[in-house]
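Peer 1: Got a predicted structure here, sequence first:
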Amino acid sequence: MAEQHDEHTHEHQEPAEPVQVIGEEPDLSKGTARPITVVGNPVLHRECKTVTEFDGELSALIDDMFVSMYAAEGVGLAANQIGVDAKVFVYDCPDDQNVRHIGHVVNPVVEELPVDRRTLDDGNEGCLSVPGAYAELPRPDFAVVTGQDKDGNPVRVEGTGFFARCLQHETDHLNGYLYIDRLSKRDRKDALRQMNEGTPRYATVPND
């Protein structure tokens with residue numbers, strides 16, 4: 001997922017220091033940045049495979065994903081965004097209270113919300129796989145994702161505001177959906193126009 005975008009602020013404005021950090025910063029010396037797949041690449045448009053092996057290969061993938069996410073200046077990244085067919089995502093994302101959340105989830109599932117928690121937020125959303133494009137997309141402003149960590153232990157992650165959007169966005173990726181798939185035809189066309197008119201700030205995989 002791309003950084004938060006606000007038409008009323010300067011693009012290069014320095015973010016405020018987080019009031020709290022939940023999770024541990026990854027060791028970036030372990031990973032290698034990989035190029036980002038973009039809309040049209042088949043790996044983005046089908047459900048990823050469930051992870052069944054919790055081993056060194058999975059840990060190395062997560063290391064690469066964190067490094068790739070930071071290289072692209074994103075706040076979340078799914079495995080298929082670097083061409084890997086596996087249900088894993090990583091995140092380093094603030095919520096609307098400026099709490100910074102860092103971590104990863106393997107085989108994520110978004111829990112169904114009770115009716116009283118289904119308040120929609122129609123904020124802007126962007127994606128590293130649709131570089132340079134943003135669109136308003138209503139999503140619940142609270143989300144719970146369950147899954148596993150890299151060692152196979154169960155995890156449960158709650159998010160509000162922008163972080164809730166990130167959790168839903170990344171889980172969508174692993175189920176074969178981009179955020180533009182949830183837009184109207186007109187808004188999707190506009191997002192693709194924004195992408196085509198710009199130049200990505202990071203390495204991408206060209207579609208054949």
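Peer 2: Nice, thanks for sending it over.
Peer 1: Show me what the longest strand along the chain packs onto, helices and strands only.
Peer 2: Under DSSP state E, the strand in the chain containing the largest number of residues is strand 99-110. Judged by 3 or more Cβ pairs under 8 Å, 6 or more residues apart in numbering; DSSP states H and E, strand 99-110 is in contact with strand 20-22, helix 56-71, strand 88-94, strand 142-148, strand 154-160, helix 161-174. Placement of C-beta: from N, CA and C, glycine included.
Peer 1: what stretches of this structure score poorly on pLDDT?
Peer 2: For the chain, applying pLDDT under 70 flags the ranges 5-16.
Peer 1: ok, residue 52 to residue 58 distance?
Peer 2: 10 Å (Cβ to Cβ, to the nearest Å).
Peer 1: OK, contacts around the closest residue in space to residue 92 that isn't next to it in sequence?
Peer 2: Once flanking residues are discounted, residue 92 sits nearest to residue 102: 4.8 Å by Cβ to Cβ, 6 or more residues apart in numbering. Residue 102 is in contact with 21, 22, 23, 24, 25, 26, 91, 92, counting by Cβ atoms under 8 Å, 6 or more residues apart in numbering.
Peer 1: Got a ChimeraX select line for the buried ones in those?
Peer 2: In ChimeraX, this line selects whichever of the contacts of residue 102 come out buried by 16 or more other Cβ atoms under 10 Å:
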select :26,91,92
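Peer 1: now the contacts of residue 102 in JSON lines, with distance to residue 42?
Peer 2: What follows is those, written out as JSON lines (distance: Cβ to Cβ, whole Å):
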{"residue": "21", "distance to residue 42": "37"}
{"residue": "22", "distance to residue 42": "35"}
{"residue": "23", "distance to residue 42": "32"}
{"residue": "24", "distance to residue 42": "34"}
{"residue": "25", "distance to residue 42": "33"}
{"residue": "26", "distance to residue 42": "29"}
{"residue": "91", "distance to residue 42": "24"}
{"residue": "92", "distance to residue 42": "27"}
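Peer 1: Pick out whichever of the contacts of residue 102 sits closest to residue 72.
Peer 2: Ranked by distance to residue 72 (Cβ to Cβ), these are led by residue 92 at 11.8 Å.
Peer 1: is it true that that closest one touches residue 101?
Peer 2: Yes - in this structure, residue 92 is within contact of residue 101 by Cβ atoms under 8 Å, at 7.4 Å.
Peer 1: Excluding chain neighbours, what is closest to residue 103?
Peer 2: Nearest to residue 103 is residue 23, by Cβ to Cβ, 6+ apart, at 4.4 Å.
Peer 1: Do I have it right that the one you found meets residue 99?
Peer 2: No - with contact defined as Cβ under 8 Å, residue 23 does not reach residue 99; the gap is 10.3 Å.
Peer 1: can you confirm residue 28 is in a strand?
Peer 2: No - Residue 28 is assigned coil when assessed by DSSP: H, G, I helix; E, B strand; the rest coil, not a strand.
Peer 1: List the contacts of the nearest residue to it once chain neighbours are set aside.
Peer 2: Leaving out its chain neighbours, the residue that sits closest to residue 28 by Cβ to Cβ, 6+ apart is residue 67, at 5.6 Å. With contact set as Cβ under 8 Å, 6+ apart, residue 67 has these partners: 26, 28, 31, 32, 33.
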